[in-house]
Structures are given as C-alpha cells and as structure tokens.
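how would this look folded up:
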Amino acid sequence: MKDFLKHHGLWVLFAAAVIAVALAVMSLLSNTSSPLVNAANVLASPFRSAYTAVATWFNDKQNYYKDTTALEEENAALRRRIAEMEEEVRQAESDRAENARLRELLNLTEQRREFTYEAAYITEHAVTNWTSSLTLNKGTAHGIAVGDCVVDETHALVGVVSVAGTNWCTVLTIVDTDTSLGAQVFRTKDLGLAQGDFSLMEEERLRLDYLPADCQLLAGDLVETSGLGGFYPSGLVIGSVESVQMDDSGAASYAILAPQVDFDELTEVFVIKDFDIVT
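Predicted coordinates:
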C-alpha cells in the first residue's frame, strides 16, 4: 500500500480533485437536489415511467369496467322499458279490438232492434267430408235453442244451431249439407233455396237452387235470407253469386254462392235467440 501511494499518490490526489470539482459543478448545476440524489432520480426514472404506465393501464381498465357495467345496467333498464312499452302497445291493441267489437255489437243491436242476441265464442271448428260445424260456449242456460240463426258482427249468416246443451251448442254452417234456407237475390228479388252441397262443402261454397226460369243473375249479386215461413229472420246476408250454372238436365240453372263470412277467421258470433217478423 505504501509502495502504491509512493508511486501513484499524485494520480490519486489528482483523481480525487477531479471528482471533487465534478461534484461541486454538479451541485451548482442542480437547482433542486444534490448530485447523489439527482443520480438516484436518474436511475429511478425508468422505473417511475413503468409504474406510471402500469397505473394508467390499471385505471383505464377499471374505468372501462365501470363504464361497461354502467352501460349493461342502462341497457337492461332500456330493455325492461321496451318490454313494458310493448306490453302497453299490445294492451292498447287489445283494448281497441274490444272497443271495436263492442261498437259493432252496439251497431248490430241498433240496426236490428227486433233481434235478441247472445254473444258466444267458438270453441271448435269441425270440417269433415260429411259436415261443417262450429261448437259455441253458450247453450240452453243462456236461452239458445235448436233452430236459432247465428251471425257475425255484420249480420252475415254463419249457420243454424242444430244441437243445444246446457252451456254449449253445435252450429251447422251454411255450407253444411244439412243446411237449407229460403233465399232472395237482393237486386232482382228472385227467390230460391240456399243449401249445402257435398261437392262444394270442401271449397266452402253452397248452391242457390229453384231459381225462376227467367232469372238474370250476375256475379257479385248479394243473396239474403227471405224470411218466408217465419222460421228464420229476413235480410241476413248469406253470400254473393260466384257463378251461374245449368243442372245435369240442362233445364234449370243454379248459382254457386260464396259465403259472406270467413269461417277460419271467426272467433266470436252472435246467436239470434228471438226475433220479430218484419213485413
């Protein structure tokens, strides 16, 4: 050690002086900290940057999660509100339909004051090769009897009650083969007999037979119940003339009628329990 200082002492002193001067200069140049503190801050700077980046990323993720959660809650609230509004719309549509039905029923009653009605819902619609019938949810307990006519809200004839139970009844539609009604062409006043036909029932059509030889029917002519005999009310719309054809003998003509009602669309009907004969 003595030999080292003997040979290199001047260099050691020179180096120490240089270091001292450098530290002094650095101390003068630094406005906020000592050189050692400054050096430590320089070394720590990358770590601070990394920490800041990580902290920023974490805060961004946390804010994203909060925003996402808030959006999901808002979307859920909006979906609930939309569902409530849709339910309100459905209820409004149902109310409008019910109001329309009540207006039609009121109009029906006002138009034909000589009729006594019983509203009923259709519980079954049966169509086979031999029959076309409806089952209603009203019967003898409601004053319904065999032979009562059944109409829709426009006074279009649906059929005639064939069997009546306590709280139900069966209605043969106007296209059923057992249906037979006195009929009159509204335009020409020609009389005939509207009745079901095996070959036409599947197409939901019926015939108008026993027409006068000189009748001049046109497609679209309206056909109503004649009311002759007093069994059924007059003026109930049966249907309209679809075509006029000759029978197998070629001596008489008959008309194919399209019913005024659409049986597949019916849900509610009106049974005419009583009526006054209008002359």
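
Would you mind confirming that residue 131 is in contact with residue 172?
Yes: Residue 131 is within contact range of residue 172, at 7.1 Å (criterion: C-beta atoms under 8 Å). C-beta here means a position set from N, CA and C on the backbone, and glycine is covered the same way.

okay, those two: which has more neighbours?
Legend: neighbour count by other C-beta atoms under 10 Å for residue 131 and residue 172, higher for residue 172 (21 against 17).

The closest residue to the more buried one other than its chain neighbours and residue 271, how far apart?
Spatial nearest neighbour of residue 172, chain neighbours left out: residue 162 (4.6 Å); criterion: C-beta to C-beta, 6 or more residues apart in numbering. To residue 271, residue 162 is 12 Å away according to C-beta to C-beta, to the nearest Å.

same question, residue 167
13 Å.

Give me the common contacts of the two.
Both residue 167 and residue 271 are in contact with residue 138, where contact means C-beta atoms under 8 Å, 6 or more residues apart in numbering.

Neighbour count: those two, which is higher?
Shown here are residue 167 and residue 271; by other C-beta under 10 Å, residue 271 has more neighbours (26 against 13).

Make sure the residue nearest to residue 172 is indeed in a strand.
Yes: Residue 162: assigned to a strand according to DSSP: H, G, I helix; E, B strand; the rest coil.

can you start the count at 842 instead of 1 from here on
All right, first residue 842 from here; so that's residue 1003.

List the contacts of it.
974, 987, 1011, 1012, 1013, 1019.

Which of the residues you listed fall within strands?
Under the assignment DSSP state E, the contacts of residue 1003 contribute 974, 1011, 1012, 1013 to strands.

Helix, strand or coil: sort out residue 934 for me.
Quick answer, by three-state DSSP: residue 934 is helix.

And it, how close does it get to residue 927?
For residue 934, the distance to residue 927 - C-beta to C-beta - is 11 Å.

and what of residue 1049?
For residue 1049 relative to residue 927 (C-beta to C-beta), the value is 48 Å.

Could you check which of those two is surrounded by more residues?
Ranked by neighbour count (other C-beta under 10 Å), residue 1049 and residue 927 place residue 1049 first, with 29 against 10.

hang on, isn't that one packed against residue 1029?
No: Residue 1049 lies out of contact with residue 1029 (C-beta under 8 Å); the separation is 11.8 Å.

any weak-confidence spans in the stretch 992-1120 of the chain?
Of all residues in the stretch 992-1120 of the chain, those with pLDDT under 70 make up the ranges 1091, 1118-1120.

how does it look with 50?
Regions of the stretch 992-1120 of the chain meeting the criterion pLDDT under 50 cover residues 1120.

those strands in it, which residues are they?
For the stretch 992-1120 of the chain, applying DSSP state E, counting those that start in this stretch gives strands covering 998-1005, 1010-1014, 1021-1026, 1032-1036, 1047-1050, 1063-1066, 1078-1087, 1094-1100, 1109-1116.

what's around the residue lying closest to residue 1022 once chain neighbours are set aside, how many residues?
Nearest non-adjacent residue to residue 1022, counting by C-beta to C-beta, 6+ apart: residue 1035, 4.8 Å away. Counted with other C-beta under 10 Å, residues neighbouring residue 1035 total 27.

Quickly list what residue 1035 is bridged to.
Here residue 1035 sits in beta bridges with residue 1022, residue 1049, going by DSSP bridges.

I'd guessed it sits against residue 1048; true?
Yes: between residue 1035 and residue 1048 a contact is recorded at 7.2 Å, counting by C-beta under 8 Å.

Show me the beta-bridge partners of the nearest residue to residue 1062 once chain neighbours are set aside.
Among residues not flanking residue 1062 along the chain, residue 1082 sits closest, at 4.3 Å (C-beta to C-beta, 6+ apart). In this entry, residue 1082 is beta-bridged to residue 1098, by DSSP bridges.

what do you get for the one 4 residues further on?
Residue 1086 has these beta-bridge partners by DSSP bridges: residue 1095.

for it, what are its contacts?
Contacts of residue 1086 (C-beta under 8 Å, 6+ apart): 1094, 1095, 1096, 1097.

ok, now how distant is it from residue 1095?
Counting by C-beta to C-beta - residue 1086 and residue 1095 are separated by 6 Å.
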